[in-house]
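> compute the structure for the input listed below.
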Amino acid sequence: MFLGEYEHSIDTKGRMAVPAKFRARMDRGAVVSKGMGPCLSVYTIERWEEKSNELVAGATSEELRDFERRIYPSASEVDLDAQGRMLIPAKLRAFAQLGNEVTVVGVRDRFEIWDRTAWQTYQEQLEANGGRIPF
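Numbers count the residues shown, from 1 in each chain. Predicted structure coming up:
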């Protein structure tokens, strides 16, 4: 399970150090894709395949077509380099409007990469809406 919130930066080549706690789960690589909202989602290869199978099973052909056309062309397989960094493709960085300063958040079966200011704004909105925490 991916948990926690970490502040990182993206270098001029588009590389970001993955939080150390997440690296071991990425030994076979990962897939980075558009997320829900202005962020990127990073899934382990195994979870990406499971999630894809789950979506195919529960969607109509029209829903599936639209989803596949939105997600798969922009998704990218990533590996970690010797320093534990992943290269985030330029198109995905642009989609999520990522600057140099990002927040990496664990979200159960994936982690998300947010522009740090966008993440702070989103968290403030959640607090203002008074959403219940079920724990």
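> please state the backbone phi and psi of the residue nearest the centre of the chain?
Of all residues in the chain, the one closest to the mean position by Cα atoms, centre = their mean is residue 41, 1.7 Å from it. Main-chain torsions, residue 41, degrees, to the nearest 10: phi -110, psi 140.
> ok, it - contacts?
Under the criterion of Cβ atoms under 8 Å, 6 or more residues apart in numbering, the contact list for residue 41 reads 32-35, 107, 110-112. Just so you know, the C-beta spots here come from the backbone N, C-alpha and C atoms, and that holds for glycine as well.
> neighbour-wise, give me the winner out of those.
Neighbours were tallied for each of the contacts of residue 41 (criterion: other Cβ atoms under 10 Å), and the maximum of 29 neighbours falls on residue 111.
> surely it forms part of a helix?
No - note on residue 111: no helix contains this position according to DSSP: H, G, I helix; E, B strand; the rest coil, which reports strand.
> number of residues surrounding the nearest residue in space to it that is not next to it in sequence?
Distances taken as Cβ to Cβ, 6 or more residues apart in numbering place residue 2 nearest to residue 111, at 4.5 Å, with adjacent residues excluded. Using other Cβ under 10 Å, residue 2 has 20 neighbouring residues.
> contacting residues for residue 2?
When contacts are counted by Cβ under 8 Å, 6+ apart, residue 2 is found next to 22, 25, 106-111.
> can you check residue 48 too?
If you count contacts by Cβ under 8 Å, 6+ apart, then residue 48 has 30-31, 75 around it.
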